[in-house]
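A.B. asks: I would like the atomic coordinates for the input below:
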Amino acid sequence: MTRNLIWLSVLVLLVSCGGNDDAPPVPEGATLVFPEENSECTTGIDVNQTSTQITFRWMASDNTDRYTLNVVNLDTNVPQNISTTSTSASLTIAKGTPFSWSVTSQNSASDQVATSETWLFYNAGSQTTYAPFPAQLVKPASGATVQKDIANEVLLEWSGADVDNDIDSFEVFFSDVNPPTTSVGITDSTTMELSVDVISGEVYYWKVVTTDLEGNTSDSGVFDFKVF
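C.D. replies: Predicted coordinates for the structure are as follows:
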């Protein structure tokens, strides 16, 4: 009987210590609302001939008391950031320009943060047609060290989008010098991956140029990776 009481006491102690009700709440990622993904944003307040003030909106996320709006000009890669406790924020951005945007959720009681999806959009200008969004390079991530496959190849992966939905092709540039100027393949609008030959110990650079049916082009910018 005494032994059973001892085991019961140990079990109660383990259960009481097993949880950590005092752990700070971890914020969740916000759901983006506006500007819509892969869209042309025509809603805004004209600031001058070259700029518009856009109000970005997202849905509230759990365990969050502050948000940081991150907007990047994809032509210049220059970011704009603004912190707010609200689920909207306004920024003045260039007309006729592609942008990406995302929202980071924060909780003052936690060191952890959560980031939303990243959406792309064009801020409307005088154009009647738009160049494709710059391809978003996915794998290998820039600065990564990767393992080649049995055929001594690495698979390059990217994503592409266009407001006009008229992407014609993707051209991949790849080499061991920066910037890469060697074209190693052209894929159609639905193929967003390409295998390339690599050598162990080398650092490689790659980018993707997207072309639409009207001949407009966009440049992804350069990523680099090293091969084991």
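A.B. asks: got a list of what the closest residue to I186 other than its chain neighbours touches?
C.D. replies: Once flanking residues are discounted, I186 sits nearest to E171: 4.8 Å by C-beta to C-beta, 6 or more residues apart in numbering. (C-beta placed from N, C-alpha, C; glycine too.) Contact analysis of E171 by C-beta atoms under 8 Å, 6 or more residues apart in numbering lists 183, 185-186, 208-209, 211.
A.B. asks: Can you tell me which of these comes closest to P140?
C.D. replies: Proximity of the contacts of E171 to P140 (C-beta to C-beta) peaks at V208, which lies at 13.2 Å.
A.B. asks: For that closest one, list each beta-bridge partner.
C.D. replies: With DSSP bridges as the criterion, V208 is bridged to V172.
A.B. asks: Check T92 and give its pLDDT.
C.D. replies: The per-residue pLDDT reported for T92 equals 98.
A.B. asks: next structured bit after the stretch of helix or strand S102 belongs to?
C.D. replies: S102 belongs to strand 97-106 when assigned by DSSP states H and E. Once the chain leaves strand 97-106, the next helix or strand it forms, by DSSP H and E, is strand 113-115.
A.B. asks: Can you give me the buried ones in that next one?
C.D. replies: A114 (16 or more other C-beta atoms under 10 Å).
A.B. asks: Next: stretch 120-134.
C.D. replies: Of the residues in stretch 120-134, those with enough neighbours to count as buried (16+ other C-beta under 10 Å) are 120-124, 130-134.
A.B. asks: With adjacent residues omitted, what lies nearest to the residue nearest the centre of the chain?
C.D. replies: Geometric centre of the chain, nearest residue: T118, 4.5 Å, by C-alpha atoms, centre = their mean. What sits nearest to T118 in space, not counting adjacent residues and going by C-beta to C-beta, 6+ apart, is S102, at 4.4 Å.
A.B. asks: Same check on S88?
C.D. replies: Residue nearest to S88 in three dimensions, not counting chain neighbours: R57, with 4.6 Å by C-beta to C-beta, 6+ apart.
A.B. asks: try Q147
C.D. replies: Leaving aside its sequence neighbours, Q147 sits nearest to F228 (C-beta to C-beta, 6+ apart; 5.0 Å).
A.B. asks: Perfect, that will be all.
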